[in-house]
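Q: Got a predicted model here, sequence first, then my questions.
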Amino acid sequence: MKFDQHKVDDSVRMLFTKYDSDKSGTFNMQECQRGVTEFCQMYGYPQPSESDVICTFYQFDFDRSGNLDFGEFKMLLEQIGNIKKQDQASIQQARNGRDDRIKKYQNNGCNLF
(Lines give C-alpha, C1' and ligand atoms only; values in the text may rest on other atoms or scores of the structure.)
Protein backbone atom coordinates (compact mmCIF):
# COMPACT_ATOMS: atom_id res chain seq x y z
CA MET A 1 0.00 0.00 0.00
CA LYS A 2 1.24 3.48 -0.81
CA PHE A 3 0.31 6.44 1.36
CA ASP A 4 -0.10 9.93 0.01
CA GLN A 5 1.95 12.80 1.41
CA HIS A 6 -1.11 14.48 2.94
CA LYS A 7 -1.88 11.40 5.08
CA VAL A 8 1.72 11.21 6.24
CA ASP A 9 1.78 14.93 7.14
CA ASP A 10 -1.44 14.70 9.14
CA SER A 11 -0.47 11.44 10.80
CA VAL A 12 3.02 12.47 11.83
CA ARG A 13 1.75 15.58 13.63
CA MET A 14 -0.91 13.67 15.51
CA LEU A 15 1.35 10.73 16.38
CA PHE A 16 4.29 12.88 17.45
CA THR A 17 2.10 14.93 19.77
CA LYS A 18 0.41 11.83 21.16
CA TYR A 19 3.50 9.67 21.77
CA ASP A 20 6.15 12.24 22.75
CA SER A 21 5.21 11.41 26.33
CA ASP A 22 7.98 13.43 27.98
CA LYS A 23 7.44 16.43 25.63
CA SER A 24 11.16 16.47 24.84
CA GLY A 25 10.65 17.21 21.15
CA THR A 26 12.23 13.85 20.31
CA PHE A 27 11.15 10.22 20.17
CA ASN A 28 13.07 7.49 21.91
CA MET A 29 12.84 3.94 20.55
CA GLN A 30 9.75 3.05 22.59
CA GLU A 31 7.85 6.20 21.56
CA CYS A 32 8.80 5.58 17.93
CA GLN A 33 7.59 1.98 18.02
CA ARG A 34 4.22 3.09 19.38
CA GLY A 35 3.92 5.76 16.69
CA VAL A 36 4.85 3.38 13.87
CA THR A 37 2.45 0.74 15.18
CA GLU A 38 -0.47 3.18 15.24
CA PHE A 39 0.46 4.61 11.84
CA CYS A 40 0.32 1.13 10.29
CA GLN A 41 -2.93 0.29 12.09
CA MET A 42 -4.57 3.54 10.97
CA TYR A 43 -3.98 2.80 7.29
CA GLY A 44 -4.14 -0.99 7.21
CA TYR A 45 -0.45 -1.31 6.48
CA PRO A 46 1.20 -4.58 7.61
CA GLN A 47 2.96 -4.19 10.93
CA PRO A 48 6.73 -4.13 10.55
CA SER A 49 8.61 -6.47 12.82
CA GLU A 50 10.28 -5.06 15.91
CA SER A 51 13.68 -5.60 14.29
CA ASP A 52 12.54 -3.67 11.18
CA VAL A 53 11.42 -0.74 13.35
CA ILE A 54 14.73 -0.81 15.24
CA CYS A 55 16.72 -0.90 12.00
CA THR A 56 14.72 1.94 10.50
CA PHE A 57 14.97 3.96 13.73
CA TYR A 58 18.77 3.77 13.65
CA GLN A 59 18.83 4.60 9.95
CA PHE A 60 17.13 7.92 10.76
CA ASP A 61 19.01 8.53 14.01
CA PHE A 62 21.85 10.03 12.03
CA ASP A 63 23.75 11.49 14.99
CA ARG A 64 23.31 8.29 17.02
CA SER A 65 21.72 10.22 19.87
CA GLY A 66 19.17 7.47 20.52
CA ASN A 67 16.33 9.85 19.62
CA LEU A 68 14.45 11.05 16.53
CA ASP A 69 13.22 14.60 16.20
CA PHE A 70 9.97 15.45 14.42
CA GLY A 71 11.62 15.78 11.01
CA GLU A 72 13.40 12.45 11.33
CA PHE A 73 10.19 10.71 12.42
CA LYS A 74 8.37 12.24 9.46
CA MET A 75 11.09 10.95 7.13
CA LEU A 76 10.80 7.51 8.73
CA LEU A 77 7.04 7.41 8.09
CA GLU A 78 7.56 8.64 4.54
CA GLN A 79 9.88 5.72 3.97
CA ILE A 80 7.53 3.20 5.61
CA GLY A 81 4.63 4.58 3.54
CA ASN A 82 6.69 4.44 0.33
CA ILE A 83 6.28 8.20 -0.14
CA LYS A 84 9.98 8.96 -0.35
CA LYS A 85 13.13 6.91 0.01
CA GLN A 86 15.68 8.70 2.14
CA ASP A 87 19.46 8.67 1.88
CA GLN A 88 22.08 9.95 4.30
CA ALA A 89 22.36 13.28 2.46
CA SER A 90 18.64 13.99 2.88
CA ILE A 91 18.77 12.86 6.51
CA GLN A 92 21.73 15.14 7.18
CA GLN A 93 19.95 18.06 5.53
CA ALA A 94 16.94 17.47 7.78
CA ARG A 95 19.20 17.54 10.83
CA ASN A 96 20.27 21.12 10.13
CA GLY A 97 18.53 23.32 12.63
CA ARG A 98 17.49 20.41 14.85
CA ASP A 99 18.11 22.32 18.07
CA ASP A 100 15.92 25.18 16.86
CA ARG A 101 13.11 22.78 15.91
CA ILE A 102 13.26 21.11 19.33
CA LYS A 103 13.13 24.47 21.13
CA LYS A 104 10.12 25.56 19.05
CA TYR A 105 8.36 22.29 19.81
CA GLN A 106 9.04 22.55 23.53
CA ASN A 107 7.86 26.16 23.65
CA ASN A 108 4.92 26.11 21.25
CA GLY A 109 3.92 22.57 20.36
CA CYS A 110 4.09 20.41 17.29
CA ASN A 111 2.10 22.70 15.00
CA LEU A 112 5.27 24.69 14.18
CA PHE A 113 6.75 21.80 12.23
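A: Right, received. Where do you want to start?

Q: which parts of stretch 32-43 are buried?
A: Residues of stretch 32-43 classed as buried: 32-33, 35-37, 39-40 (neighbour count, 16 or more other Cβ atoms under 10 Å). Glycine gets a C-beta too; all of them are placed from N, C-alpha and C.

Q: next one: stretch 7-16
A: By neighbour count with 16+ other Cβ under 10 Å, stretch 7-16 contains the buried residues 7-8, 11-13, 15-16.

Q: Restricted to helices, list those.
A: Among those, the ones falling in helices (DSSP state H) are 7-8, 11-13, 15-16.

Q: Looking at these, which one is closest to residue 78?
A: Set against residue 78, the nearest of those by Cβ to Cβ is residue 8 (5.6 Å).

Q: residues in contact with that closest one?
A: 74, 77-78, 81, 83 (Cβ atoms under 8 Å, 6 or more residues apart in numbering).

Q: sorry, back to before: could you dump the buried residues of stretch 7-16 to JSON lines with distance to residue 24 and pLDDT?
A: Converted to JSON lines, those look like this (distance: Cβ to Cβ, whole Å; pLDDT from 0 to 100):
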{"residue": "7", "distance to residue 24": "26", "pLDDT": "71"}
{"residue": "8", "distance to residue 24": "22", "pLDDT": "71"}
{"residue": "11", "distance to residue 24": "20", "pLDDT": "84"}
{"residue": "12", "distance to residue 24": "16", "pLDDT": "88"}
{"residue": "13", "distance to residue 24": "16", "pLDDT": "89"}
{"residue": "15", "distance to residue 24": "15", "pLDDT": "95"}
{"residue": "16", "distance to residue 24": "11", "pLDDT": "94"}
